Structures are given as structure tokens and as C-alpha cells.
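# build me a model from this:
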Amino acid sequence: MPLWVFLFVILTLSSSSHCSPPLPLPLRMRRYADAIFTNSYRKVLGQLSARKLLQDIMSRQQGERNQEQGTRVRRGRQVESVWAEKKQMALESILVALLQKHSNRNSQG
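Numbering: from 1, shown residues only. The predicted structure follows:
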């Protein structure tokens, strides 16, 4: 066997081991369909995780708003309570003054 034939056979065998032969058509179609499904599935999973993250952020913000509103309501109730106590004390002092004035008139007259 001549040397050039021997080299040709070696080169052909070594190059074919690195490159796979083309896949038959049904197998290529199946791989293409798998790739389409995988890409679509990853896209849907990404959208779901983004939606969940957005919902978590929104629920945290809503919770903070509710907490702030609760604090405002408590402060408002405290202010109203203090105001009601002051009004009651003012009314009591007016009533005491009126009663004293009335009792002074009765005792003088």
C-alpha cells in the first residue's frame, strides 16, 4: 500500500471521528421540536418568576402602607382621646363654676 493511501485513510478516519454524520430527518425534527419547547418553557418560567417577584414586592408595599395607616389611626385615636379628655375637663370646670355661682346666689339671697 502506498504511503499517500495510508495517510488518506488515517486523515479520513480521524476527521470523521470529530465530526458527527448528519442526523436523519426525523431525529433532527424531534430535536428541533424539543428546542422550541425548551425555549418556550424557559420563557414561561421566567415570566412566572417575574410575576411572583412583582406580587411579593407589591404585597410588601401594601403591608407597609397598612402598617403606616394603622400607626396613623392609632395616633389619631390618641389625639382624639386627649382632646376628648380636655373637653371633658373643660366642661367639668364650667359645670363646677356654674354650680358654685348658683350656690353662691342661693346662699346670698
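# make it CA atoms for all contacts and neighbour counts henceforth
Fine.
# tell me the buried residues in stretch 41-60?
Within stretch 41-60, not a single residue qualifies as buried, counting by 16 or more other CA atoms under 10 Å.
# where are the low-confidence patches of the chain?
Scanning the chain for pLDDT under 70 picks out the ranges 1-23, 109.
# scan it for its longest helix.
helix 25-108 (DSSP state H).
# any idea how far that one is from the chain center?
16 Å (CA atoms, centre = their mean, to the nearest Å).
# who are the packing partners of it?
Using 3 or more CA pairs under 8 Å, 6 or more residues apart in numbering; DSSP states H and E as the contact definition, helix 25-108 packs against no other helix or strand.
# how close does Leu91 sit to Val82?
Using CA to CA, to the nearest Å, Leu91 is found at 14 Å from Val82.
# scratch that, Val96
21 Å.
# ok, now Arg30?
From Arg30 to Val82 the distance is 77 Å (CA to CA).
# check Ile94 too.
18 Å.
# likewise Arg28?
81 Å.
# before we move on, what about Ala90?
Ala90 is 12 Å from Val82, by CA to CA.
# with Arg74 instead?
From Arg74 to Val82 the distance is 12 Å (CA to CA).
# do Tyr41 as well
From Tyr41 to Val82 the distance is 61 Å (CA to CA).
# do His102 as well
30 Å.
# please apply the same query to Leu98.
For Leu98 relative to Val82 (CA to CA), the value is 24 Å.
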